[in-house]
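> the sequence and its predicted three-dimensional model are supplied below.
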Amino acid sequence: MKKWKGMFLVLLVSASSLFAGCGNTAQKEANAGGSTPAPAQTSGSQATAQAEPVQINFWYSVGGKNGEKIEQMVKQFNSAQKDVVVKPSYQGSYYDNHAKVLAAVAAGNQPDVTMVEIGSVGAFADAHVLEDLGPYTQGIEKRYIPGLLGNSYWKDKLYAIPFNRSTPLLYVNRDMLKAANLDPAGPKTWDELVSFSKALTKKEGGKTTKYGFSTPIDIWFYEALVMESGGKMLSEDGKSLLINSDEGKAPLQLWAGMIKDGIMKNPPGAKYDSWDVAEQDFLNQQVGMIFTTTGSLKSMQENAKFDVGTAFLPAGKSYGVPTGGANLVILAKSPDEKKKAAWEFIKWMTDTPQSIDWSLASGYMPVTTEAVSSPEMNKFYEQNPNFKVAVDQLQYGNPRPMAPGYRELQEIIQNELQRAILGQTSVDDALQKAVEKGNKMLKK
């Protein structure tokens, strides 16, 4: 771990030159409780200076309409009180924001509060980049859904608060399923996923015009299927990659087999580009079923010209799903007055009224237990049952791996998964290479 911290800080320094000046890129997502100490009373010009609102910078990582909603919420917070002014700034995808935060910390011009993709919380916390939130929360973390807090703690300290949280879902074109005499609720198991995909796939003149299924070959969906196979990504100590096993091979064998049979499309593109392709293919009715995030549900329903359905990811040996999305964190290098202001902002953004508002507007899950059981959400779920699927699926939810090197490790795994899917190597060789490279990195 000490070696990793040193390497992480070296990365911070090198990242500052690598990512400085990077432009933004498009991407795919009433106060209550504790309080922070009030500033001491003073007089004269010092009191006048302290009366000025504290300005903090907030970096976020969701674009499109969800990004517009973030900006609207920030304006609402700024108008609701006079002590804090939040300056929001869109930084692109989770990958982009991760790199920019590294560079900003190294350069000493980091934001005060930012979104961090949940799998990166451990890396930032272990390198002492994040502020311990325990002294600020005073116990109000109990308001949040327990299943969403797994990626908030590092070494028994609270470093992050759930905000734009999601799970992967199975999206189905119910009209296509009905036309093929299939259950419009969707497949319940991997075997049914295969049989449904075969029934939905259409060919004309030897060319496939509709695929039954598509999913980005992405680490998040792979993690889900490893869980469903009864496996784990990492050892308990976080120093060994465990995917070169029957449980780790099963998801890759499933996808590779479906692609070979011509019933699954591997959407082209790197990282979130492949997500965009899969979602657009689904909306264009060129694919009958896809895996994607619940955070896309609102836009999918608004843009689809057919009956969209959502369901649990089909079960392997069991159901299983990693939670996803991002949490809100405070940067440790910020001055104390900005940290206190940042906490007031986080507390407000994640409180029940705002959590309900954000969920209804975006499709991301509400993050407090009070929000989930509120009359507003219950009424909404009755009228829009697709949105409740992610909340119900949390009973099978698990946190993402949080080893300090996992952000870099998942790049290694994804590259090897892609090599196997593209037929450049075997499943066995791909996972053996992933484990060899991954274990070297984890043990540095």
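Received it, and whenever you're ready, just let me know what you need. Numbers count the residues shown, from 1 in each chain.

> going by C-alpha atoms from here, please, whenever you check contacts or count neighbours.
Noted.

> residue nearest the centroid of this protein?
Nearest to the mean C-alpha position of the chain, by CA atoms, centre = their mean, lies residue 325 at 2.0 Å.

> so what strands line up beside the host helix or strand of it?
Using DSSP states H and E, residue 325 falls within strand 324-330. Its sheet considered, strand 324-330 pairs with strand 113-117 (antiparallel), strand 161-166 (antiparallel) by DSSP bridges.

> can you map out the strands along the stretch 1-150 of the chain?
54-60, 84-90, 113-117 (DSSP state E, counting those that start in this stretch).

> mind putting the ones you listed into JSON lines with mean neighbour count and mean pLDDT?
Formatted as JSON lines, those follow (neighbours: other CA atoms under 10 Å; pLDDT from 0 to 100):
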{"stretch": "strand 54-60", "mean neighbour count": "20", "mean pLDDT": "98"}
{"stretch": "strand 84-90", "mean neighbour count": "19", "mean pLDDT": "98"}
{"stretch": "strand 113-117", "mean neighbour count": "26", "mean pLDDT": "96"}
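
> reformat those strands as JSON lines; add distance to residue 227.
As requested, the strands of the stretch 1-150 of the chain are exported to JSON lines (distance: least, CA to CA, whole Å):
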{"stretch": "strand 54-60", "distance to residue 227": "29"}
{"stretch": "strand 84-90", "distance to residue 227": "33"}
{"stretch": "strand 113-117", "distance to residue 227": "20"}
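
> quick one: closest of these to residue 389.
strand 113-117 (21.7 Å; CA to CA).

> ok now the closest one, how far from the chain's centre?
11 Å (CA atoms, centre = their mean, to the nearest Å).

> show residues contacting that strand.
Strand 113-117 is contacted by residues 56-61, 94, 97-98, 324-331, 342 when judged by CA atoms under 8 Å, 6 or more residues apart in numbering.

> let's have the strands paired with strand 324-330 in a markdown table, adding distance to residue 270.
Formatted as a markdown table, the strands paired with strand 324-330 follow (distance: least, CA to CA, whole Å):
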| stretch | distance to residue 270 |
| --- | --- |
| strand 113-117 | 18 |
| strand 161-166 | 21 |
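
> of those strands, which is nearest residue 191?
Closest of these to residue 191 is strand 161-166, at 25.4 Å (criterion: CA to CA).

> quick one, strands of the stretch 151-300 of the chain?
Applying DSSP E, counting those that start in this stretch to the stretch 151-300 of the chain gives strands spanning 153-154, 157-158, 161-166, 168-173, 202-204, 207-214, 264-265, 287-293.

> buried ones in stretch 416-426?
The neighbour-count check on stretch 416-426 (16 or more other CA atoms under 10 Å) flags 416-421, 426 as buried.

> so which pair among those is furthest apart in space?
418 and 426 (10.8 Å).

> ends of stretch 397-414, how far apart?
End-to-end distance for stretch 397-414, by CA to CA, to the nearest Å: 22 Å.

> what are the buried residues along that stretch?
So stretch 397-414, judged by 16+ other CA under 10 Å, has buried residues 397-407, 409-414.

> to residue 228, which of the strands of the stretch 1-150 of the chain lies closest?
Nearest of those (CA to CA): strand 113-117, 22.5 Å.

> between that closest one and strand 54-60, how many degrees?
Between strand 113-117 and strand 54-60, the angle formed by their directions is 20 degrees, by axes from the mean of the first three to the mean of the last three CA atoms, to 10 degrees.

> export only the CA atoms of strand 113-117, formatted as PDB.
Output of strand 113-117 as PDB, limited to C-alpha atoms (Å, rounded to 0.1, in the frame of the first residue of the first chain):
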ATOM      1  CA  VAL A 113     -16.300  19.300  -4.100                       C
ATOM      2  CA  THR A 114     -16.600  16.800  -7.000                       C
ATOM      3  CA  MET A 115     -18.300  13.700  -8.200                       C
ATOM      4  CA  VAL A 116     -16.100  10.600  -8.100                       C
ATOM      5  CA  GLU A 117     -17.000   7.400  -9.800                       C
END
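
> thank you, goodbye.
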